[in-house]
Structure formats: structure tokens, C-alpha cells
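**Q** only the shape, not the letters, is given here:
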């Protein structure tokens, strides 16, 4: 077996070890991490990433306003506008929803800005390269691809889709679409293709580690805990493998130190309508256990949307424009080597 095959075999073996039947969240350990508010009043924030300079970059959008990307110092919480002028959302789930870097260049994911059901528009849903603080180039028209390739295995209202997360992958990107229930692969020259399709599982957050892609699934409404899952697959997989389940409305997944994997639950769905968020203060940060269950790291989070991990610290972005800093997640009882 050559070295490349050995690495792939190790990754797949790790995924298989994590697989289990559906579980529920375990009891919270007696040792609590330190939770502090890092930033507030940022607007309606969604996706995030850690930039090449070590700062947090956060997507911020309001209906009727241009989309922005904010740079937030992970130590002080000082926030500054990194870029503005991205297309406006037609409805609250849309606008600029995530950001990623390739080298020193930032890219923004924009969704629900020109869907025909909502009256169309001149902007495009897709990936934009940030050329300057106020200049952007559309590199991939995901909305157009989606309209030309509407899934037939699930009910579709918005033909341009509702993209949620952006992650770099092999010199390009992966994008989740929580409405069209699939993961798209996008190249830097704008070629969009379907990498993996799901049933009505509502894929949300993304994480890539080597050849393994992790997906958080919110599950269909009413987003019951048994439908909240973390799944994994490889570049040539035809299906995804369940890693853990048992938490409501999962919106992100992130690797920590070693083999530690974390998931972010937005909490108990508010029951108003499809696409609406969870009730306030019902979210939680979870650690994935080897038996396929979750352990609560911290709870009572207010509608979290995105998670980043730097060392032993987790950063949770919320829909209400806050960032919470959770220190001590990498030490026992968290992050125990498996």
C-alpha cells in the first residue's frame, strides 16, 4: 500500500470508528469552560472564518442593506469593516452568509438575492472574490447553476437555492445548500458541480480535514434532535456516513486539536416557518463522542450560526450580532484523545 492510500485508509477508518446508531446528548461535565462575550452589536451575523492573519472574519447582512464582511480581533473583540457593498438579501436567510480565504484573498458566499419567486433581481447568488474593500468579482454563479439543475428528490420553492456555508477544498470550494439538500463543488474559474446529494436533511455547516468532509445537518422542520447529525464523506463517496446525532438544528461543525470534533446547535426551533431560527437562548456547543453521541460543552447560547476553533478556544458567532469566546475546550474533560 503506498503512502497516499495509507493516509486515505486511515481517514476512512477513523470515520468508521466514529459511526454509531442515533444517540442523545450526554450529561454536561462538572468542569465548565470560561465563557465571555467578545463582541456585540455587529448586526445580523452568520458565517465566519479565521483569516491568514489569525483574526476572525464574519459575514454580516441585513435585508435592505449591502452585505459586509467584518474583521474581529480574537483577543480584544475590536471589530472593523473589512469589505462592504455585497448584494442585498431578498429575505432574511439571504445576502452574504459566509467567507473563506485562499492565501490572502477573501471570498464571500452570497445567496437569495435574485430568486424568481421573490421577484428576481440584477445581482447573482454565488461566490464573489474580494478585490478591494468595495470591489468584488463574481467568480461562480451558483444561483444560475441551481436554476438549471433543480433537484427532483425534494420539494423546492426557491430555484436559486439557499446556500449556507463555504469551505476551501483542493484549490477551490465546497458549498452547502440547505434548501436543495446538496454539497456543491466550485472551481476558481467558476465551474459548479454537484458533489453529493442528500434527502431532506438540510445540510448546513462545513469542515474539511484532509480528504474527509464533515457536514452538520439541521434536519427537516421541526428540526427534532434525532435529525440533527454530523456526517462525513470523502471525495469519491456516493453517500455520507453518520458520525453523531442527537441535537436540534445543527448549524456548524469544526475540528479542534487532535481528533476532537465539535458541533454547534442553534437550539429548539421557534416553530414559525421553514428557515426560521431557534428560540432565543436554547443553543449549545457540543463535543462529538466516539460512541456517536454529543457532550454539552456550554449551553444557553442565543441563536448561534457559526463556530471557529483556535487552539483551546471556541468562538461562536450569533444571529444577533454577538461573538462569544469559550476558553478551555481543549483540555480534559474536553478534547480527550480517542
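**A** Arrived safely. What you see is a predicted model, and the numbers here were worked out from it, not measured in a lab.
**Q** ranges for the strands of the stretch 101-250 of the chain?
**A** 105-111, 126-132, 135-140, 163-169, 172-177, 182-186, 192-197, 203-209, 212-217, 229-233, 241-245, 250-255 (DSSP state E, counting those that start in this stretch).
**Q** would you turn these into JSON lines with mean pLDDT and mean neighbour count?
**A** Where C-beta positions appear, they are placed from N, C-alpha and C, glycine not excepted. As requested, the strands of the stretch 101-250 of the chain are exported to JSON lines (pLDDT from 0 to 100; neighbours: other CB atoms under 10 Å):
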{"stretch": "strand 105-111", "mean pLDDT": "98", "mean neighbour count": "25"}
{"stretch": "strand 126-132", "mean pLDDT": "98", "mean neighbour count": "19"}
{"stretch": "strand 135-140", "mean pLDDT": "98", "mean neighbour count": "17"}
{"stretch": "strand 163-169", "mean pLDDT": "98", "mean neighbour count": "23"}
{"stretch": "strand 172-177", "mean pLDDT": "98", "mean neighbour count": "25"}
{"stretch": "strand 182-186", "mean pLDDT": "98", "mean neighbour count": "22"}
{"stretch": "strand 192-197", "mean pLDDT": "97", "mean neighbour count": "17"}
{"stretch": "strand 203-209", "mean pLDDT": "97", "mean neighbour count": "22"}
{"stretch": "strand 212-217", "mean pLDDT": "98", "mean neighbour count": "25"}
{"stretch": "strand 229-233", "mean pLDDT": "98", "mean neighbour count": "24"}
{"stretch": "strand 241-245", "mean pLDDT": "98", "mean neighbour count": "22"}
{"stretch": "strand 250-255", "mean pLDDT": "98", "mean neighbour count": "26"}
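**Q** so which of those is nearest residue 63?
**A** strand 105-111 (12.9 Å; CB to CB).
**Q** the closest one pairs with which strands, parallel or anti?
**A** Strand 105-111 pairs in its sheet with strand 95-102 (antiparallel), strand 126-132 (antiparallel), by DSSP bridges.
**Q** residue 225 is nearest to which of those strands?
**A** Using CB to CB as the measure, strand 95-102 is the one of those that comes nearest residue 225, at 24.5 Å.
**Q** for that closest one, what is the average pLDDT?
**A** For strand 95-102, mean pLDDT is 98.
**Q** give me the number of residues near the closest residue to residue 98 other than its chain neighbours?
**A** Of all residues not flanking residue 98 in the chain, residue 47 sits nearest, at 2.9 Å (CB to CB, 6 or more residues apart in numbering). Using other CB atoms under 10 Å, residue 47 has 30 other residues around it.
**Q** turn the strands paired with strand 105-111 into JSON lines, including distance to residue 245.
**A** Listed next are the strands paired with strand 105-111 as JSON lines, based on distance: least, CB to CB, whole Å:
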{"stretch": "strand 95-102", "distance to residue 245": "24"}
{"stretch": "strand 126-132", "distance to residue 245": "30"}
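**Q** between these, which one is nearest to residue 53?
**A** Across those, closest to residue 53 is strand 95-102 (CB to CB), at 9.6 Å.
**Q** thinking again about what came up before, the strands of the stretch 101-250 of the chain into a markdown table, with extra columns for distance to residue 265?
**A** Output for these, formatted as a markdown table (distance: least, CB to CB, whole Å):
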| stretch | distance to residue 265 |
| --- | --- |
| strand 105-111 | 22 |
| strand 126-132 | 27 |
| strand 135-140 | 30 |
| strand 163-169 | 15 |
| strand 172-177 | 17 |
| strand 182-186 | 20 |
| strand 192-197 | 23 |
| strand 203-209 | 11 |
| strand 212-217 | 9 |
| strand 229-233 | 11 |
| strand 241-245 | 11 |
| strand 250-255 | 6 |
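**Q** between those, which gets nearest to residue 272?
**A** When those are ranked by proximity to residue 272 (CB to CB), strand 250-255 comes first, at 17.0 Å.
**Q** what's the first helix or strand after that closest one?
**A** With elements assigned by DSSP states H and E, the helix or strand that comes after strand 250-255 is strand 261-265.
**Q** quick one: strands adjacent to the next helix or strand after that next one?
**A** Moving toward the C-terminus from strand 261-265, the next helix or strand (DSSP H and E) is strand 283-288. Within its sheet, strand 283-288 is paired with strand 261-265 (antiparallel), strand 294-301 (antiparallel), according to DSSP bridges.
**Q** now do the buried residues in strand 283-288.
**A** 283, 284, 285, 286, 287, 288 (16 or more other CB atoms under 10 Å).
**Q** next one: residue 97 from residue 38, what distance?
**A** Computed as CB to CB, to the nearest Å, the residue 97 to residue 38 distance reads 21 Å.
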